[in-house]
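Q: 3D model of this:
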Amino acid sequence: MSTLEIRDLHVSVGDKEILRGVDLKVSSGETHAIMGPNGSGKSTLAYAVAGHPKYTITSGSVLLDGEDLLSMSVDERARAGLFLAMQYPVEVPGVSVSNFLRSAITAVRGEAPKLREFAKDLKAGMDALSIDPAFAQRNTNEGFSGGEKKRHEILQLELLKPKIAVLDETDSGLDVDALRVVSEGINRFRSREDTGVLLITHYTRILRYVTPDFVHVFAGGRVVEEGGPELAEKLEAEGYEAYTKASA
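A: This next block holds a predicted model:
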């Protein structure tokens, strides 16, 4: 049983405060969806928790299984069991997908996986995500389509097996077929009892495939409403205007 606990988190970029007191708790076996309009602070939360240097945490705490994540470096957070799937994955020229993934596993586990074991797991993960085997030898994210980048993020998720996965707009730029495949990958991951998911999205379409246990509405840098899957349906019907006006 693992738990990510965010308490009264305040985050700034430069002299502008973006998050204004966020409280959130994600435990194993739970899928939480964060929804809200552009500029509400959803991605800021993801990157601040992961340790991006652009974001300054001015107050609050973030704990993973009782350990202070904010005192850890980015790689230490990954080894502790935190995973971030980025909205815009970066290109890594000259490093193949296969080498990138094996290096990532080595960094998280502290030792390199046996080649035969890694090759078997990589093939199984790629097959499950309908990824061409030749993909493994391509430079990481270089020239990838939006769908390929997102499938690669889910492939990392399946191979690294973190405790808590933060997925930042994983549905962005996906066509219907890619959305279905990526969603199936998320569902395979969250079917394990020892994992939790924090899914950040603008739209409800991914929630038709990945049903959340809890939905949190972000506006003005804080959580302004919480509920179950029915809250996502309300947002689909009514939009965010009422929340943005109230938080202005």
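Q: any chance you could map the strands in this structure?
A: 3-13, 16-27, 31-35, 56-64, 67-68, 82-85, 92-96, 139-140, 164-168, 196-201, 214-219, 222-227 (DSSP state E).
Q: Any idea which residue is closest to the centre of this protein?
A: Centroid-nearest residue in the chain: L167, 1.7 Å away (criterion: CA atoms, centre = their mean).
Q: Give me the pLDDT for S145.
A: Looking at S145, its pLDDT reads 88.
Q: Could you do A246 as well?
A: Looking at A246, the pLDDT reads 66.
Q: residue furthest from the geometric center of this structure?
A: The C-alpha centroid of the chain is most remote from R116, which lies 28.6 Å away (CA atoms, centre = their mean).
Q: State the distance from it to L122.
A: 11 Å (CB to CB, to the nearest Å). Glycine gets a C-beta too; all of them are placed from N, C-alpha and C.
Q: again, but for E5
A: Distance check for E5 against L122: by CB to CB, it reads 33 Å.
Q: So which of those two has more stuff around it?
A: More crowded of E5 and L122, by other CB atoms under 10 Å: L122, with 22 against 16.
Q: Quick check: that one touching F100?
A: No: between L122 and F100 there is no contact under CB atoms under 8 Å: 11.1 Å.
Q: who touches stretch 79-88?
A: 2, 4, 43, 46-47, 49-50, 64-65, 67, 69, 72, 107-108, 110, 150, 153-154, 156-157, 160, 162-170, 172 (CB atoms under 8 Å, 6 or more residues apart in numbering).
Q: Just the buried ones from the residues you listed, in ChimeraX syntax?
A: In ChimeraX, this line selects whichever of the contacts of stretch 79-88 come out buried by 16 or more other CB atoms under 10 Å:
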select :2,4,43,46,47,49,50,64,69,72,108,150,153,154,156,157,160,162,163,164,165,166,167,168,169,170,172
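Q: and the contacts of stretch 79-88, which of them are in helices?
A: Those of the contacts of stretch 79-88 mapping onto helices are 43, 46-47, 49-50, 107-108, 150, 153-154, 156-157, 160, per DSSP state H.
Q: Distance to T244 and mean pLDDT added to the strands of the chain, as a markdown table?
A: Formatted as a markdown table, the strands of the chain follow (distance: least, CB to CB, whole Å; pLDDT from 0 to 100):
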| stretch | distance to T244 | mean pLDDT |
| --- | --- | --- |
| strand 3-13 | 19 | 97 |
| strand 16-27 | 14 | 96 |
| strand 31-35 | 12 | 96 |
| strand 56-64 | 23 | 97 |
| strand 67-68 | 33 | 96 |
| strand 82-85 | 26 | 95 |
| strand 92-96 | 37 | 93 |
| strand 139-140 | 37 | 94 |
| strand 164-168 | 20 | 96 |
| strand 196-201 | 17 | 96 |
| strand 214-219 | 5 | 95 |
| strand 222-227 | 9 | 95 |
